[in-house]
Structures are given as structure tokens and as C-alpha cells.
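Participant: Test case, fold it:
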Amino acid sequence: MRALVLSGFRAYSQCLHRYPVRTQIISTGVLWGAGDALAQRLDRKTKEYDLHRTAITAAYGAFLVGPIGHAWYHKLDRIALRYCKAGTLGFVALKVLLDTAIFSPAHILGYFGVMNLGEGGSWQDLDRKVRTDFVPTLAAELAVWPAIQAANFKLVKVQYQLLVVNLLTILDSAFMSWCRATDDWSGVLLAAAKDRWPVDVPKPGAAKDGNQIFITVRRGKQYPPKTIDVRVKYEQTLGDLRKAAVAAFGLTPETLQLFWRGRELTADTDGQTLLDANMHTGFSLMGYDLSEAPDYWPPVQQTPEGLVFETVLARS
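Facilitator: Numbers count the residues shown, from 1 in each chain. All right, here's what the predicted structure looks like:
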């Protein structure tokens with residue numbers, strides 16, 4: 001087994017020496033595709049294997065992460081050498097800092113954008129995804145990768161640093177694919193754990209005085225719309241949230257219409273708690289002041305469950 005691994009590494013090194021960019025493209029694409037396949041295998045809600053999604057993920061790895069990562073690690077090395085001696089603590093720290101501040105957020109935004117485009121999503125879909133999941137995904141990535149990269153930059157030659165990242169990319173790609181395919185993935189995890197959460201332990205993101213929820217309300221064709229924030233605790237209901245919004249905007253319950261994830265909040269949803277609805281600190285709702293004829297954007301359609309934005313119906 002060891003001989004097989006060494007033989008494979010020597011073959012990879014030869015290809016990397018002769019065809020550096022081409023080798024990075026192929027290896028990164030294969031590993032990113034494998035990561036998405038793993039994500040779908042582990043996702044119990046995935047009924048059928050989505051080959052199209054895997055192909056898009058592999059293409060993202062091959063044609064963006066591969067060549068850009070290859071250039072990035074060499075450039076990062078040259079930048080750090082301008083200010084620090086190779087192998088020193090400052091050299092490693094500078095590379096980790098630049099990689100964390102520049103490559104990580106650009107990589108997440110790029111991945112969300114490419115997958116949205118490849119799956120035929122709209123600009124509104126991408127905007128909603130970024131607003132909901134960019135910060136949690138970045139936080140999760142930063143909880144793991146800086147330590148890995150510190151060891152990578154300290155111990156591994158620059159030409160093999162992308163290989164080290166790629167070997168861990170199967171897990172990272174699986175995580176990113178699941179984040180991309182799961183709306184409000186951090187909320188899903190919290191909701192799954194809510195019944196097991198100790199009563200005397202504060203839930204993540206829950207401020208002492210309640211979660212900060214942003215509500216943007218438009219009256220007629222008014223622009224810009226007005227945005228306020230209200231504080232509501234996890235155990236409180238969407239009905240409590242509606243009452244807080246009514247008081248904050250100085251409206252009546254009949255003249256304030258709120259939408260969450262593109263669907264109208266109605267009396268039928270008032271009994272749900274914030275945690276049941278996967279609504280957490282920093283999330284945003286769209287609302288309309290019905291004292292004037294609302295100018296809906298995106299357009300809405302009437303369904304048995306109430307008004308729904310057409311972009312949501314198109315994804316259903």
C-alpha cells in the first residue's frame with residue numbers, strides 16, 4: 001500500500017513538474033466532484049443522485065480553483081518573501097492572514113455564484129443565498145482552514161501546497177456543496193439540535209435581549225424602503241414578531257404584510273417559534289405597507305398558502 005502511494009505521488013510530481021496548471025486543473029476538478037458526490041451521499045433528503053450538480057461542482061474546481069489556486073499560492077509566497085524570511089513565524093502568519101482575508105471569502109462567493117448560474121438560478125436567488133449563508137459558511141471555513149494552512153505553509157513546498165489543500169478538498173467540497181444546496185444550513189443544524197439543547201445553556205446567536213431581526217417595509221412605490229430591526233427571542237413566535245414590527249412601524253396588523261423566504265406570513269404561521277421557522281439573528285424579512293397599493297418585487301402569485309414570490313414558485 002505504501003509503495004502504491006509513493007508511486008502515485010511520484011507520478012503526480014512528474015506531471016506537476018511538466019504540466020503544472022493542467023495537472024492542478026485535473027486533480028482539483030476530480031476531487032471537487034468527489035466531494036459533491038460525498039455530500040449527496042450523506043444528505044438523506046437527496047432522493048436521486050444529481051449528476052448535473054456534481055458536474056458543475058467539478059467544473060468549478062477544475063476551471064476556477066485549480067488554475068487560480070495554483071497562481072495564488074505562488075504569488076502568496078512571493079508577497080510574503082518581500083517582508084519576511086522564508087519559514088519564519090512572520091512568513092507563515094502573513095500568508096495565513098492574506099489567504100484568510102482574500103482567498104476564503106472570494107472562494108465562497110465564487111462558489112455560490114457559479115453554482116447558482118449553473119443551476120439556472122436568478123440574481124434574487126443568489127442575493128438571498130449570500131445574505132443567508134455567506135457569513136455562517138465563512139465562519140465555518142475560518143474555524144478550520146487557518147490552522148491547516150499554517151501547517152501547510154510551514155512544512156510543505158509551495159508547489160505541493162495546493163495538493164495538500166486538494167486532499168482535504170473532498171471534505172471541504174462536501175461541506176460547501178451541502179451549504180449551497182441547503183437553505184439556511186446553520187438554521188437547519190440549530191433546528192435539528194433544538195430538542196437536545198440544555199435548557200440552561202443559551203442557544204448560539206441568541207442575544208440576552210433577543211435576536212436582531214431586520215425588517216424592510218415599502219409603501220407603494222416609495223424608494224428607498226424603510227428598514228428597522230426588532231428584538232425577538234427564539235422561543236417567541238412569528239406572531240410576536242409581527243406585533244413587534246407593527247409597533248415599530250406605527251402601522252396596524254391589517255396594513256403590514258410580511259414575507260419570509262418569499263412566502264407571506266399569515267395567521268396560520270403565527271404560532272411557529274423563531275427556531276421552528278429557522279429565523280436567527282441578522283436575518284431579514286421583506287414587508288409592504290398596505291395603506292397604499294403595494295408594488296411587489298419580485299412579482300407575487302396567489303396560492304392556497306397565501307402570496308408567494310414568483311422566484312420561489314419557479315424553484316419549487
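
Participant: switch to C-alpha atoms for all contacts and neighbour counts from now on
Facilitator: Fine.

Participant: And the strands in the chain, which stretches?
Facilitator: Under the criterion DSSP state E, strands of the chain are mapped to 211-219, 226-232, 256-260, 263-264, 284-289, 300-303, 306-309.

Participant: Could you provide these in JSON lines, with additional columns for mean neighbour count?
Facilitator: Compiled in JSON lines, these are given as follows (neighbours: other C-alpha atoms under 10 Å):
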{"stretch": "strand 211-219", "mean neighbour count": "20"}
{"stretch": "strand 226-232", "mean neighbour count": "17"}
{"stretch": "strand 256-260", "mean neighbour count": "19"}
{"stretch": "strand 263-264", "mean neighbour count": "20"}
{"stretch": "strand 284-289", "mean neighbour count": "21"}
{"stretch": "strand 300-303", "mean neighbour count": "13"}
{"stretch": "strand 306-309", "mean neighbour count": "18"}
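
Participant: Give me the distance between the two termini of stretch 34-48.
Facilitator: Stretch 34-48 has an end-to-end distance of 16 Å (C-alpha to C-alpha, to the nearest Å).

Participant: Where does the prediction get shaky in the chain?
Facilitator: Within the chain, the stretches with pLDDT under 70 are 1, 43-47, 173-174, 176-209, 281, 310-316.

Participant: can you give me the helices for it?
Facilitator: In the chain, the segments counted as helices under DSSP state H are 2-18, 20-42, 51-60, 66-83, 89-98, 104-118, 123-142, 145-155, 158-181, 185-193, 238-249, 310-315.

Participant: quick one, which of these is nearest to residue 211?
Facilitator: For the helices of the chain, the distance to residue 211 is smallest for helix 238-249, at 10.5 Å, taking C-alpha to C-alpha.

Participant: and the closest one, what other elements does it pack with?
Facilitator: Applying 3 or more C-alpha pairs under 8 Å, 6 or more residues apart in numbering; DSSP states H and E, one finds that helix 238-249 makes contact with strand 226-232.

Participant: contact partners of the strand it packs on?
Facilitator: 209-218, 240-241, 244-245, 248 (C-alpha atoms under 8 Å, 6 or more residues apart in numbering).

Participant: what do you get if the cut-off is 10 Å, keeping everything else the same?
Facilitator: Contacts to strand 226-232, defined as C-alpha atoms under 10 Å, 6 or more residues apart in numbering, come from residues 206-219, 238, 240-242, 244-245, 247-249, 273-274, 280-287.

Participant: So what are the sheet partners of that strand and their directions?
Facilitator: strand 211-219 (antiparallel) (DSSP bridges).

Participant: starting at the chain centroid, how far to the strand it pairs with?
Facilitator: With C-alpha atoms, centre = their mean, to the nearest Å as the basis, strand 211-219 stands 22 Å off its chain's centre.

Participant: Many thanks, we can stop here.
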